[in-house]
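Chemist: Below is the sequence, then the predicted model.
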Amino acid sequence: MSKFLKRGLPVLVIVALLVVALLPSNDAKPAKAQDPVTIRIFVGVGTGYLPEQQAAQVALADEWNAAHEDIKVEFEFHDNETARDELLTQVSGGDVPAIVGPAGVRTVFEVSDLWADITSYIERDGDQLNLDDFDASSFGLYQLGERQVAIPLGVYPSFIYVNETLFADAEVELPATEYGAWTYEDLKATAIAVTQDANGVYNGEEGFDPAAVEVYGYFPFWTNFRASTIGFSPDDAGVLIGEDGTVTATFNQDAFREAVKFFHDGIFVDNFIPNLDAEGAIGEGVTNPFTSNRIAMGRSHTWLFGGIKSAMDDGNFTADWNVYPVPVAPNGKTTAAIHADTFAIMDGFENKDAAWEVLKWLTAPDQALALCQVYGCMPARLSVRSEWESFWLEAFPFLNLDVVYGAVEYLDAPNHEGYMPNYARAWDALETFWASVRSDAALDVDAGLDALNAEVQGIFDEAE
Amino acid sequence: MATVHSAPTTQVQTPAVEKGFKLTPRRAQILWGYFFLIPWIIGFFLFLLGPMIASLYLSMTDYNIQRPGETHFIDTDNYEKIFSLQVIRSDEDEVDFKSGYTEAFRIASLHFGSRDHEVWKAIQVTLTFAVISLPVNLGLALFFALLTNTKVPGVRLFRTIYYLPSVIPAVVSATVFQQFLRGQDGWLNLYLLSPLGLGKPEWLQEPSLAVPALTIIGTWGIGTTMLMFLAGLQNVPTELYEASQVDGANYWSRFRNVTLPMISPVILYNLVIGLIGTFQYFVVAYILTPRGAGGNELSMYFYNLHLYREAYVFFDMGYASALAWILFIVVLIVTILVFRSSSRWVFYAGGK
């Protein structure tokens, strides 16, 4: 026996271990007929993954699970940094979640092939959904050709945040409060007047040092090429989709030229917008650049309310501020970029009927309100907006809600994060150009836009 | 009274030729060895060799993680894309390349077009950085090693101070250097260059300053290399210095004829490690440039950055696998060449 142990056992152990290691695992148990369907909701590609946001979502799932035997809901949280890669890895490996969200417009269109078309479900359950309860325009944010891939859960309209204290210090008149009452030229003149250097000298006064600007007149922070330029109301948001399905890049149309010149001159000629290098400095040590007291005006979305509230609660931001309408573009149109969050069903998930039941529940008034309070969005359903409104009016009694709601009327459709063929590469080309607009003083804007448009068209064609 | 026993023999009388498999003690020992190696062997097959073979296969497909169901075997097309070049001679600024090709670079009137113009930029940036940064870092590390190899009070403190930056994660030091090198309010410009009247260079925006900026950042992490040199210097026999001093050699002569040859194996080691590190340069460039996209005019666009973006920004795993294999082969060839050349300049006291 000892001889056997000494000599033969290793051979058997090696063989056994190799066999075990090389055998395929058999984790997937066959589902029993009576097993409930589990609807796994993948959270992390947008907001909703933070520890403080998770409990409310789990509580919602518990609520559903207590009331349903046949379908169970499970929220699965992923860190935003890696969520996109993890989702694609799961999909690639055949482990497809049922629902993904909250997801922004960009996320939806970046991987547009992954989503199920829910048009037929909406047609079937339209009455139950009460479609009249939505902004018609916000519903269109998730229209992909003939396909409707999601129902909006919450929207984030944008406007100009104004630090009124900085305006008072500079003795500059505040912007107009009605839509259509001021233009980008007005914004430029106002922004120049409130721009101040580190020595307290205002832009335009003698001795102003453009290399040491302390307060910038305008900074549309946390943004990108399409979001920054959409305010100049370009046609089709730069992506013209023909009736025959052909896609043409129009990023060199006049509205884009005017927009890019506005920013490039604003940075390098008129010195009222920070360059790429200075952007980083402004954002250091603050929850958001607006609370740095280094920006007199900045365009952003409703999701900034949370950051401002937290800075005010902590005593880190004490300035007077309010929201003002976006200006009118040189072509006479007004466009206020909008963001939106939603949940979408994955096309690769087999039991779409069950997923649809959960999606309907998630976007119903009570759940939509509860989730929007967690995510910070304005509910897409009109019927529950008053509660959202009360919450923020309690925090900011001075808040001009006419500007907030007015922005929805001027939302960008097609959206600035809307469909592009070969999305990731096209987006990357636009952002590379946008970085050079903000960092290269010698950039030839017209030639650059022509080259960009040709490059993006090539990327679009590659997708064909 | 102690009894002396002869040790029991462990030799088994085994016929030299025997039918069938006979597990001799020697073979049993070998098998036990393999038994204890099994965890590593399994790990090697599952997590190293397996993925390598898988990536070799993937490099010959158009596998995109967004559309795994539409994967096709495309033979060597990914490799052809990397090396695709069309050359057109023209004095015009713009020339028409064939479909799918865009200008990668230009030398005088020769325009070079490629199906992936960014890979050529990535190669250029990586090689430029290797040529500039590697000698600077090796030279500085040797310089500090020489400085700290002297018998002066507090030398251990200096060794610690010079080594300390090496234990700071690259991500942290890159973030700190981002502030250090910023144009308008970066500490380098604000407290050193501007007071000297040298202005405020945009280190991270101006393409021509990109490699110098990265080289400055690279000097931050020379501690480990310095320690290697220091260990080498301390192993040089003092009698060699004494003998050379008796012969009238000055410091420079001793350094050139005694020190350098004696530490040449350490130089070889640091050179190989440095070369591999340079070819795999990623973290700092990723953090310093917006979206990790390589900065203005792709001035910080390293090969690994291109590989990463193809894989994890554009999800083009097939092409990224091909890029990874090319990197592997190039690093292998360069390493072999350096080792081959070492017979001419590396001195081993005990022979090879």
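Modeler: Noted; the coordinates are in hand.

Chemist: what's residue A:392 in contact with, if anything?
Modeler: By C-beta atoms under 8 Å, 6 or more residues apart in numbering or on different chains, the residues touching residue A:392 are A:305, A:399. Where you see a C-beta, it was placed from the backbone N, CA and C, and this is true even at glycine.

Chemist: so what's it scoring on pLDDT?
Modeler: The pLDDT attached to residue A:392 in the predicted structure is 91.

Chemist: Please report how far it lies from residue A:383.
Modeler: 17 Å (C-beta to C-beta, to the nearest Å).

Chemist: just residue A:188 next, same as before
Modeler: Look at residue A:188 and residue A:383: by C-beta to C-beta, they are 40 Å apart.

Chemist: So for these two, which residue has more residues nearby?
Modeler: Neighbours were counted for residue A:188 and for residue A:383 using other C-beta atoms under 10 Å in any protein chain shown; residue A:188 has more, 19 against 14.

Chemist: my guess is that one contacts residue A:266, does it?
Modeler: Yes: taking contact to mean C-beta atoms under 8 Å, the distance of 6.8 Å between residue A:188 and residue A:266 places them in contact.

Chemist: So which bits of stretch A:351-369 are buried?
Modeler: Going by neighbour count (16 or more other C-beta atoms under 10 Å in any protein chain shown), the buried part of stretch A:351-369 is A:352, A:354-364, A:367-369.

Chemist: Would you quantify the distance from residue B:264 to chain A?
Modeler: Counting by C-beta to the nearest C-beta, to the nearest Å, the gap between residue B:264 and chain A amounts to 43 Å.

Chemist: That residue sits in which helix or strand?
Modeler: According to DSSP states H and E, residue B:264 maps onto helix B:260-279.

Chemist: hang on, residue B:327 in a helix?
Modeler: Yes: the assignment for residue B:327 is a helix, going by DSSP: H, G, I helix; E, B strand; the rest coil.

Chemist: sorry, back to before: only alpha carbons, please: show the helix holding residue B:264 as CSV.
Modeler: Only the C-alpha atoms of helix B:260-279 are listed here, as CSV (Å, rounded to 0.1, in the frame of the first residue of the first chain):
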residue,chain,number,x,y,z
LEU,B,260,31.4,50.8,-16.1
PRO,B,261,32.7,47.4,-17.2
MET,B,262,32.1,46.0,-13.7
ILE,B,263,28.5,47.2,-13.6
SER,B,264,27.8,46.4,-17.2
PRO,B,265,25.6,43.3,-16.3
VAL,B,266,23.5,45.7,-14.2
ILE,B,267,23.3,48.2,-17.1
LEU,B,268,22.2,45.3,-19.4
TYR,B,269,19.5,44.3,-16.9
ASN,B,270,18.2,47.9,-16.5
LEU,B,271,18.3,48.5,-20.2
VAL,B,272,16.2,45.4,-21.0
ILE,B,273,13.7,46.2,-18.2
GLY,B,274,13.6,49.9,-19.3
LEU,B,275,13.1,48.9,-23.0
ILE,B,276,10.2,46.6,-22.1
GLY,B,277,8.7,49.3,-19.8
THR,B,278,9.0,51.9,-22.5
PHE,B,279,7.3,49.8,-25.1
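
Chemist: average pLDDT for stretch A:118-136?
Modeler: Summarised as a single mean, pLDDT over stretch A:118-136 is 89.

Chemist: Please name the residues that touch the closest residue to chain A within the stretch 201-350 of chain B.
Modeler: Among all residues of the stretch 201-350 of chain B, residue B:205 sits closest to chain A, at 4.4 Å; criterion: C-beta to the nearest C-beta. Residues near residue B:205 by C-beta under 8 Å, 6+ apart: A:275-277, A:439-440, B:183, B:295-296.

Chemist: Show me the shaky parts of chain A.
Modeler: Per-residue confidence of chain A (counting by pLDDT under 70) places the weak regions at A:1-34.

Chemist: Check which helices and strands the biggest strand by length in it is in contact with.
Modeler: Counting residues, the longest strand found in chain A (DSSP state E) is strand A:151-163. Strand A:151-163 makes packing contacts with strand A:99-103, helix A:136-139, strand A:295-301, strand A:321-324, strand A:338-345, helix A:365-375, strand A:378-379, helix A:401-409 when contacts are defined by 3 or more C-beta pairs under 8 Å, 6 or more residues apart in numbering or on different chains; DSSP states H and E.

Chemist: Up against chain A, what does the stretch 1-150 of chain B have?
Modeler: By the rule C-beta under 8 Å from any C-beta of the partner chain, the part of the stretch 1-150 of chain B lying against chain A is B:23, B:25, B:27-28, B:31-32, B:34-35, B:38, B:42, B:45-46, B:65-68, B:102.

Chemist: any shared contact partners between residue A:188 and residue A:266?
Modeler: A:218, A:272.

Chemist: Wait, residue A:384 touches residue A:367, no?
Modeler: No: taking contacts as C-beta under 8 Å, residue A:384 lies outside contact range of residue A:367: 9.9 Å.

Chemist: one step back: the helices and strands packed on strand A:151-163 into TSV, with extra columns for distance to chain B?
Modeler: Below are the helices and strands packed on strand A:151-163 laid out as TSV (distance: least, C-beta to the nearest C-beta, whole Å):
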stretch	distance to chain B
strand A:99-103	13
helix A:136-139	26
strand A:295-301	15
strand A:321-324	25
strand A:338-345	15
helix A:365-375	24
strand A:378-379	28
helix A:401-409	27
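
Chemist: winner for burial among the ones you listed?
Modeler: Across the helices and strands packed on strand A:151-163, the average number of neighbours (mean count of other C-beta atoms under 10 Å in any protein chain shown) peaks for strand A:99-103, which reaches a mean of 28.

Chemist: Paired strands for that one, with orientation please.
Modeler: Counting by DSSP bridges, the strands paired with strand A:99-103 are strand A:37-43 (parallel), strand A:338-345 (antiparallel).

Chemist: Go through those and name the closest to residue B:201.
Modeler: strand A:338-345 (37.1 Å; C-beta to C-beta).

Chemist: got the end-to-end distance for stretch B:310-323?
Modeler: Using C-alpha to C-alpha, to the nearest Å, the end-to-end distance of stretch B:310-323 comes to 9 Å.

Chemist: same check, this time on stretch B:59-69
Modeler: Terminal residues of stretch B:59-69 lie 16 Å apart, using C-alpha to C-alpha.

Chemist: residue ranges of the strands in chain A, please?
Modeler: For chain A, applying DSSP E gives strands covering A:37-43, A:71-77, A:99-103, A:143-144, A:147-148, A:151-163, A:196-197, A:213-218, A:239-241, A:247-249, A:295-301, A:321-324, A:338-345, A:378-379.

Chemist: nope, chain B is what I was after
Modeler: Under the criterion DSSP E, strands of chain B are mapped to B:86-89, B:102-107, B:110-114.

Chemist: Take the strands of chain A and write them to CSV, including distance to residue A:445.
Modeler: CSV is the format used below for the strands of chain A (distance: least, C-beta to C-beta, whole Å):
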stretch, distance to residue A:445
strand A:37-43, 41
strand A:71-77, 43
strand A:99-103, 33
strand A:143-144, 32
strand A:147-148, 36
strand A:151-163, 24
strand A:196-197, 26
strand A:213-218, 18
strand A:239-241, 20
strand A:247-249, 17
strand A:295-301, 20
strand A:321-324, 27
strand A:338-345, 27
strand A:378-379, 35
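
Chemist: So which bits of the stretch 151-300 of chain A are right by chain B?
Modeler: Taking C-beta under 8 Å from any C-beta, the part of the stretch 151-300 of chain A that reaches chain B is made up of A:211-213, A:275-278, A:280-281, A:284.

Chemist: ok, back up a step: kindly reformat the strands paired with strand A:99-103 as CSV containing distance to residue A:302.
Modeler: Below are those laid out as CSV (distance: least, C-beta to C-beta, whole Å):
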stretch, distance to residue A:302
strand A:37-43, 20
strand A:338-345, 9
